[in-house]
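Student: Below are the sequence and a predicted model; questions follow.
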Amino acid sequence: MALRQFDDRRPEIGLPRGEACGRSRRNHRNAEKRQDDRGFITLDKPRFTDGEKVRVIDGVFSDSFGIYEGMTDRERVEILLDLLGRKVRVQIDIDSVAAA
C-alpha cells in the first residue's frame, strides 16, 4: 500500500501495481474508512491492558482464562493460558477474547 498526495488535497491510499488479491482490496477499503479529514488513518485504542485477566469465548480454548500480553499484527491478541500446569503463550483472534 502506498500513500500519495497531490498538491494541497487530502492524501489518497493506493494499491501497488499487480496487487489484486481480495485481502489487499479489503484492507484498502478499511483504511479509507478510517481516514480523518486530513487523510491520516486513525488507530483503534487497545481493548485490554497488559496483565489484564481475559476469557476466551470462542474456539478451541473457549471458557479458558488467561493473561493479556499484547496485540500482534492482523487483529490477534497474545495471551498466556494455564494449560496442564504450564503457562502457554497463544495468539487468538481479538473477537474471541473478552474481559474476565
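Tutor: Structure's in. What do you need? Numbering: from 1, shown residues only.

Student: Tell me the spacing between residue 37 and residue 45.
Tutor: 20 Å (Cβ to Cβ, to the nearest Å). (Each C-beta comes from the backbone N, C-alpha and C, glycine too.)

Student: Just list the residues touching the residue nearest the centre of the chain, thanks.
Tutor: By Cα atoms, centre = their mean, the chain has its centre lying nearest to residue 75, at 2.2 Å. Residue 75 makes contact with 93-95 under the criterion Cβ atoms under 8 Å, 6 or more residues apart in numbering.

Student: which of the residues you listed tops the neighbour count?
Tutor: Of all these, residue 94 has the most neighbours under the rule other Cβ atoms under 10 Å, reaching 15 neighbours.

Student: give the contact list for it.
Tutor: By Cβ under 8 Å, 6+ apart, the contact set of residue 94 is 47, 71, 75-77.

Student: try it again with 7 Å
Tutor: Neighbouring residues of residue 94 by Cβ atoms under 7 Å, 6 or more residues apart in numbering: 75-77.

Student: Repeat that for residue 35.
Tutor: residue 41.

Student: any chance you could map the helices in this protein?
Tutor: Using DSSP state H, the helices of the chain run over residues 22-33.

Student: Run through it and note the low-pLDDT ranges.
Tutor: Low-confidence segments of the chain (pLDDT under 70): 1-24, 26-28, 30.

Student: Please enumerate the strands of it.
Tutor: Applying DSSP state E to the chain gives strands spanning 2-4, 12-14, 53-56, 65-72, 76-83, 86-93, 97-99.

Student: mind giving me the domain ranges of this structure?
Tutor: As given by automatic domain parsing, the domain ranges for the chain are 2-33, 53-99.
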